[in-house]
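Kindly return the folded structure for what I paste below:
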Amino acid sequence: MAKNDLILIDSIIEERVSNKLPSDKKDEVFEFLAYEQVLKEYDLSADDIKAGSVDGRNDGGIDAIYILVNGHLISDTKSSLLPKTNANLEVYFFTCKHRDVFKQDPVNSICTTLQELLDFSKGNKELDGDYNEDVFEKRDIFISTYKKVATILERFSIKVIFASRGDVKNELGDNVEARGKQIETICRENFSGCDAKFEFWGAEEILAAYRKKADYSLSLNVKECLSHGKQMVVLAELKDYFKFITYDDRKIRKYLFDSNVRDFMGINSVNGDILETLNNRKNDEDFWWLNNGITILCSSAIAIGKSITIENVQIVNGLQTSECIYRYFLKDERIEENRVVLIKILPCESTEIADNITRSTNNQTAVMSSSLRATDKIQEDIEDILRKEELYYERRVNYYTNQGIPASQIYSPLYLAKGYMALVLKRPYNAVALKQRFMRKQSSYEQVFSEKDDLRVWPIIARIMRKTDDCMSSLRGENCGDRFLHNVRYQVSFLTIASALYH
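Residues are numbered from 1 along each chain as shown. From the prediction side, this is the model:
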């Protein structure tokens, strides 16, 4: 490791501490940074990353757990739309230490813990170790998800990440490395066909991932192009489109896909038909004859010969097609293939027009309506009213984060919905348990996001909740993790406002 890598990592941590991302404690900032960089290619929101934390007393040496199916985070098996075919299950366990060395004790601890947690023949109450409720909750999600997709698994991987500010290449002890190999063996013994990997992430690895920025300017090779003004309709070979939506390591570029439809990996009849079309190659049937194609919004598109350079790419329709093409070539990129896919490329600088296109192109399937909340008028209105006060409502996942807006000024829909539940509806205990799935049911959604309410309430809620977080963060002890805020912020904010109003 270059000696300056540690200096650079520490400077990033100091900057984030000053911005309270996610807090003003160095160890928590480092943990969040490690989760964020390891999971970067999944394009998770800050709330998603925080939700994976199990850090605190009785965590068994595990700081965070993430369960993903087909690249999508599973935080609640009741509301998640799981596939019925071709599942890829990935599970991440993290242990993070804000030290400049890799010690053996954390590896020993997580080794003992995983021997228990991965034994699904035992219930939570039968485990010998003492574990907190967050660990049990993640274990239950893991077990439930595994049982639901076990018979359709194409790939199953477990990654155990030990992150510190140390030097992986030169200062990793043999005993520590051997213990990591033992953990890989434990994973494989519990799950046949499991691809288990123990990875050490030090300052150099975290810094390399941090420097890897999302590239929204991409080139697409095409076979045919029809243009009308600035708009284009093109035919691109399936393999060229696969390269367009993937990194060099063949992982899919999640950030290209509009957040509104990302969770709909569960429209299985659609996926099944697309995969069948891809696999059943017929000489007299091209792929684009049987598929509605892809819609790309961008700021500009310039055709040079048979290549189109597209700026600020956002794929707003065709996620299912894209994922199926990705999975088709992931099995074997050397497939002899000359079929093409239809792609609409629409330069669009107006946010309103972009929202209309997104809504229209995704509104052809009734199930998708619950995922189109980001384009609802009330969501746009909340974003506008907050932005006037330099607060940013992230109705589209990572939209403002990717623009470099400080985390202290960004608010997610769920965060403000919980604040509304606590402060306006006067139900702070219900706010703690509120999940994303409440937005799927029209009645529960409109109870919180009502166009009848005065919009000026939303900036007030935002400031009260953030002020509560800041105060509680300054008071909490060293053993209280981020989950402490999640459990108490709503009651505290409610009682504080009630006391101020009635005294």
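
For this structure, which residues score under the pLDDT cut-off?
Within the chain, the ranges that satisfy pLDDT under 70 run 1-3, 79-80, 258-271, 283, 333, 349-372, 477-483, 503.

hmm, try it at 50
Along the chain, the model assigns pLDDT under 50 to residues 259-264, 267, 364-371.

How about residues contacting the host helix or strand of I12?
In the assignment (DSSP states H and E), I12 maps to helix 3-18. Contacts to helix 3-18, defined as Cβ atoms under 8 Å, 6 or more residues apart in numbering, come from residues 23-26, 29-30, 32-33, 100, 165, 203-204, 206-207, 210. C-beta: built from backbone N, CA, C; applies to glycine.

Buried ones in it, by neighbour count?
Within helix 3-18, the residues that count as buried by 16 or more other Cβ atoms under 10 Å are D5, L6, L8, I9, D10, I12, I13, R16, V17.

that older thread, just to be sure, which of the contacts of helix 3-18 are found in helices?
Cross-referencing the contacts of helix 3-18 against helices under DSSP state H gives K26, V29, F30, F32, L33, A203, E204, I206, L207, Y210.

Nearest to G56, out of those: which one, please.
G56 lies nearest to F32 out of the ones in helices among the contacts of helix 3-18, by Cβ to Cβ, at 14.7 Å.

wait, what's in contact with the closest residue to that closest one other than its chain neighbours?
Leaving aside its chain neighbours, F32 sits nearest to P22 (5.0 Å; criterion: Cβ to Cβ, 6 or more residues apart in numbering). Listed by Cβ under 8 Å, 6+ apart, the contact set of P22 reads E28, V29, F32, A46, K50, A407, D482.

The residue lying closest to the second one once chain neighbours are set aside and K25, how far apart?
Put plainly, it is V29. In this structure, V29 finds its nearest non-sequential neighbour in R16, 4.7 Å apart by Cβ to Cβ, 6+ apart. According to Cβ to Cβ, to the nearest Å, R16 and K25 sit 10 Å apart.

can you check P459 too?
P459 sits 27 Å away from K25, going by Cβ to Cβ.

and if you look at A208?
Between A208 and K25 the computed distance is 25 Å (Cβ to Cβ).

quick one: which of these two has more around it?
Taking other Cβ atoms under 10 Å, A208 and K25 do not tie; K25 has more neighbours (17 against 12).

can you redo the buried residues of helix 3-18 as a markdown table with distance to D76?
Shown next, in a markdown table, are these (distance: Cβ to Cβ, whole Å):
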| residue | distance to D76 |
| --- | --- |
| D5 | 38 |
| L6 | 38 |
| L8 | 37 |
| I9 | 33 |
| D10 | 36 |
| I12 | 32 |
| I13 | 31 |
| R16 | 28 |
| V17 | 31 |
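
ok, so of the residues you listed, who is nearest N190?
Nearest to N190 among those, with distances taken as Cβ to Cβ, is I9, at 34.0 Å.

Name the nearest residue to that closest one, sequence neighbours excluded.
Distance criterion Cβ to Cβ, 6+ apart; nearest residue to I9, sequence neighbours excluded, is A203 at 4.4 Å.

surely the one you found meets R165?
Yes. Counting by Cβ atoms under 8 Å, A203 touches R165, with 4.8 Å between them.

Is N338 part of a helix or strand, or is it coil?
Here N338 is recorded as coil under DSSP: H, G, I helix; E, B strand; the rest coil.

what's near enough to touch it?
E237.

Quickly note the distance from it to I161.
Using Cβ to Cβ, one gets 41 Å for the distance from N338 to I161.

now E337
According to Cβ to Cβ, E337 stands 36 Å off from I161.

Tell me which of those two has more neighbours.
I161 (23 against 17).

For the stretch 251-400 of the chain, which segments are assigned as strands?
In the stretch 251-400 of the chain, the segments counted as strands under DSSP state E, counting those that start in this stretch are 294-298, 300-304, 307-311, 314-317, 340-347, 392-393.

is it possible to export these to JSON lines including distance to V448 and mean neighbour count?
Compiled in JSON lines, these are given as follows (distance: least, Cβ to Cβ, whole Å; neighbours: other Cβ atoms under 10 Å):
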{"stretch": "strand 294-298", "distance to V448": "29", "mean neighbour count": "24"}
{"stretch": "strand 300-304", "distance to V448": "38", "mean neighbour count": "15"}
{"stretch": "strand 307-311", "distance to V448": "36", "mean neighbour count": "18"}
{"stretch": "strand 314-317", "distance to V448": "26", "mean neighbour count": "24"}
{"stretch": "strand 340-347", "distance to V448": "33", "mean neighbour count": "21"}
{"stretch": "strand 392-393", "distance to V448": "14", "mean neighbour count": "22"}
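
These into CSV, with extra columns for distance to I67?
CSV is the format used below for those (distance: least, Cβ to Cβ, whole Å):
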stretch, distance to I67
strand 294-298, 29
strand 300-304, 37
strand 307-311, 33
strand 314-317, 25
strand 340-347, 31
strand 392-393, 28
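
re earlier: using CSV, list the CA coordinates for the helix holding I12.
The C-alpha trace of helix 3-18 is given here as CSV (Å, rounded to 0.1, in the frame of the first residue of the first chain):
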residue,chain,number,x,y,z
LYS,A,3,1.9,5.4,2.4
ASN,A,4,-0.4,8.2,1.1
ASP,A,5,-3.4,5.9,0.8
LEU,A,6,-3.9,6.0,4.5
ILE,A,7,-3.7,9.7,4.5
LEU,A,8,-6.3,10.0,1.7
ILE,A,9,-8.7,7.6,3.4
ASP,A,10,-8.4,9.5,6.7
SER,A,11,-9.1,12.8,4.8
ILE,A,12,-12.3,11.3,3.3
ILE,A,13,-13.3,10.1,6.7
GLU,A,14,-12.7,13.6,8.3
GLU,A,15,-14.7,15.2,5.5
ARG,A,16,-17.6,12.8,6.1
VAL,A,17,-17.4,13.3,9.9
SER,A,18,-17.9,17.1,9.3
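
okay, and the common contacts of A203 and R165?
Counting by Cβ under 8 Å, 6+ apart, the common neighbours of A203 and R165 are L6, I9, D100.

Enumerate every residue touching the last one.
D100 makes contact with L6, S164, R165, G166, A203 under the criterion Cβ under 8 Å, 6+ apart.

biggest separation within the residues you listed, which pair?
Across the contacts of D100, no pair lies farther apart than L6 and S164, at 10.6 Å, counting by Cβ to Cβ.

Which among the contacts of helix 3-18 count as buried?
Neighbour counting by 16+ other Cβ under 10 Å classes S23, K25, V29, F30, F32, L33, D100, R165, A203, E204, I206, L207 among the contacts of helix 3-18 as buried.

could you dump those to JSON lines with distance to N86?
Compiled in JSON lines, the buried ones among the contacts of helix 3-18 are given as follows (distance: Cβ to Cβ, whole Å):
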{"residue": "S23", "distance to N86": "39"}
{"residue": "K25", "distance to N86": "42"}
{"residue": "V29", "distance to N86": "38"}
{"residue": "F30", "distance to N86": "36"}
{"residue": "F32", "distance to N86": "32"}
{"residue": "L33", "distance to N86": "33"}
{"residue": "D100", "distance to N86": "43"}
{"residue": "R165", "distance to N86": "39"}
{"residue": "A203", "distance to N86": "38"}
{"residue": "E204", "distance to N86": "36"}
{"residue": "I206", "distance to N86": "32"}
{"residue": "L207", "distance to N86": "35"}
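
Which pair of those residues spans the longest distance?
Greatest spacing in those, by Cβ to Cβ: S23 and E204 (25.0 Å).

still on that earlier bit, quick one, the helix holding I12 and helix 203-211 angle?
For helix 3-18 against helix 203-211, the angle by axes from the mean of the first three to the mean of the last three Cα atoms, to 10 degrees is 60 degrees.

No further queries at this time; thank you.
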